[in-house]
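In: pasting the structure only:
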């Protein structure tokens, strides 16, 4: 696909439309309308949003160009949420560090807000000081002075334009809970809304939805931890034999609501399966067991809303038996390839499937969509991640940088998308 156009609709100010809704398969360029689209979106959306919220310009005549100029030039209060109560706390602190470093200081007044493992919200004073000194640590410290989200967000709204960037991986952050809080606070935020976040986070629910759209996935079964038979019982042996027979010879066992490969195990016999189920149950009450697909691990980045753009593919070559937590964040042994050798038909199919899954799960803003590609070029969707990592080795920002969209430009685009959605939704609530 090569033709692109820009159009305005009653749902969006301007969107880039392609025949396949994806970017070129080999990163040759963005759609020709992309820079213009960003320009129109940034100017129109931000003018409306800033003028509507900045009290300091309410006295201005609505047609005053100088008023509009100064409203547009005011900085956003960009609240970067990080940490959280999930097992992915440490990953979030690393992601937030790199977002703080990349965000444009001319456009944003950055407010780093950490959530510790006990769920306490704090203004990360050490992160503020480190950012001012230009000496950010490898991972941000979520501790600091107490920060109550609802009243603090209301204060920021009254003083100007505010957008929240949640970088909370896993439960109580990526699953729609924090998104619901931000909806109640009526502030724009980056990423998917409540429904999209909740659906994508729950692997079992996501598989049910994607199955209705005819998207191929690994064969799987789901369980509640309370329904698992007692260890060593006849029921347990029968279950293990059934799983290995139906899904084997090797199966992955995963917590249904977690990421970063935490709690994930590979099993090929009854003893290993028993251990794997217990490990997954330690992190979540819902457990996913699925067949182990033999194939290349391919990831794509999705950016947008109703008509998303999809990057070219990246490939993960694990250093371990599979791409586990240590391989991702500790050993650094995995090989990340941002321009893998894939046929053009396969790339287009991957991009179209990624866009289809993004829409099916009601995602918005951003998502990373992971696939397996077999030797016969058969495509199997693995999962959709609505708050992908933003660490130095994370594939999501890396794929957009490869296509020509810088890290800071990506942040700008995500902020603009969050503002657009907030304006659209608030418009639809007015009688």
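Out: That came through, no problem. Just so you know, these numbers come straight off a predicted model, no measurement behind them.

In: before we move on, what SS does residue 272 have?
Out: Secondary structure for residue 272, judged by DSSP: H, G, I helix; E, B strand; the rest coil, is helix.

In: thought it was touching residue 251?
Out: No. Residue 272 is beyond contact range of residue 251, at 9.2 Å (criterion: C-beta atoms under 8 Å). To be clear about C-beta, it is placed using only N, CA and C from the backbone, and glycine gets the same treatment.

In: Neighbour count: the two, which is higher?
Out: More neighbours surround residue 251 than the other of residue 272 and residue 251, with 27 against 17 (other C-beta atoms under 10 Å).

In: For that one, give its distance to residue 372.
Out: Distance, residue 251 to residue 372, by C-beta to C-beta, to the nearest Å: 14 Å.

In: swap in residue 207?
Out: 14 Å.

In: shared neighbours of residue 272 and residue 251, which are they?
Out: Common neighbours of residue 272 and residue 251, counting by C-beta atoms under 8 Å, 6 or more residues apart in numbering, are residue 266.

In: sec struct for residue 369, please.
Out: Taken by three-state DSSP, the conformation at residue 369 corresponds to strand.

In: Identify the bridge partners of it.
Out: residue 300, residue 384 (DSSP bridges).

In: quick one: low-confidence parts of this protein?
Out: Along the chain, the model assigns pLDDT under 70 to residues 1-73, 259-260, 319-333, 427-431.

In: quick one, helices of it?
Out: Using DSSP state H, the helices of the chain run over 34-53, 65-73, 89-102, 125-133, 149-159, 177-185, 194-201, 203-212, 234-247, 270-281, 325, 344-360, 395-402, 407-427.

In: Help me confirm that residue 165 comes into contact with residue 99.
Out: Yes. Using C-beta under 8 Å, residue 165 is in contact with residue 99, at 6.5 Å.

In: okay, and the common contacts of the two?
Out: Residues touching both residue 165 and residue 99 comprise 80, 411, with contact defined as C-beta under 8 Å, 6+ apart.

In: So for the two, which residue has more residues nearby?
Out: Higher neighbour count among residue 165 and residue 99: residue 165, with 27 against 24, using other C-beta under 10 Å.

In: give the contact list for the more buried one.
Out: Residues counted as contacts of residue 165 (C-beta under 8 Å, 6+ apart) are 78-81, 99, 189-190, 411, 414-415.

In: ditto for residue 243
Out: Residue 243 sits in contact with 221, 251, 273, 289, where contact means C-beta under 8 Å, 6+ apart.

In: again, but for residue 108
Out: Taking C-beta under 8 Å, 6+ apart, one finds 75-78 in contact with residue 108.

In: What sits closest to residue 139 if chain neighbours are left out?
Out: Once flanking residues are discounted, residue 139 sits nearest to residue 93: 4.1 Å by C-beta to C-beta, 6 or more residues apart in numbering.

In: Please verify my assumption that the one you found contacts residue 80.
Out: No. If you go by C-beta under 8 Å, residue 93 and residue 80 don't touch, sitting 11.0 Å apart.

In: Looking only at neighbour counts, state which of the two leads.
Out: residue 80 (26 against 23).

In: so that one bridges to which residues?
Out: Note on residue 80: beta-bridge partners by DSSP bridges are residue 112, residue 165.

In: Wait, it touches residue 167, no?
Out: Yes. Under the contact definition of C-beta under 8 Å, residue 80 touches residue 167, with a separation of 6.4 Å.

In: quick one: common contacting residues for these two?
Out: Common neighbours of residue 80 and residue 167, counting by C-beta under 8 Å, 6+ apart, are 96, 99.

In: which residues touch the most centrally placed residue in the chain?
Out: Centroid-nearest residue in the chain, with C-alpha atoms, centre = their mean: residue 387, separated by 2.1 Å. Contacts here follow C-beta under 8 Å, 6+ apart; on that basis residue 387 touches 166-169, 173-174, 191, 197, 366.

In: Check residue 122 too.
Out: Here residue 122 is in contact with 113-116, 142-147 (C-beta under 8 Å, 6+ apart).

In: repeat that for 6 Å
Out: Residue 122 makes contact with 114, 143-144, 146-147, according to C-beta atoms under 6 Å, 6 or more residues apart in numbering.

In: among these, who's most crowded?
Out: residue 114 (27 neighbours).

In: What's the separation between the nearest residue to it once chain neighbours are set aside and residue 386?
Out: Nearest residue to residue 114, sequence neighbours excluded (C-beta to C-beta, 6+ apart): residue 142, at 2.5 Å. The spacing between residue 142 and residue 386, counted by C-beta to C-beta, is 21 Å.
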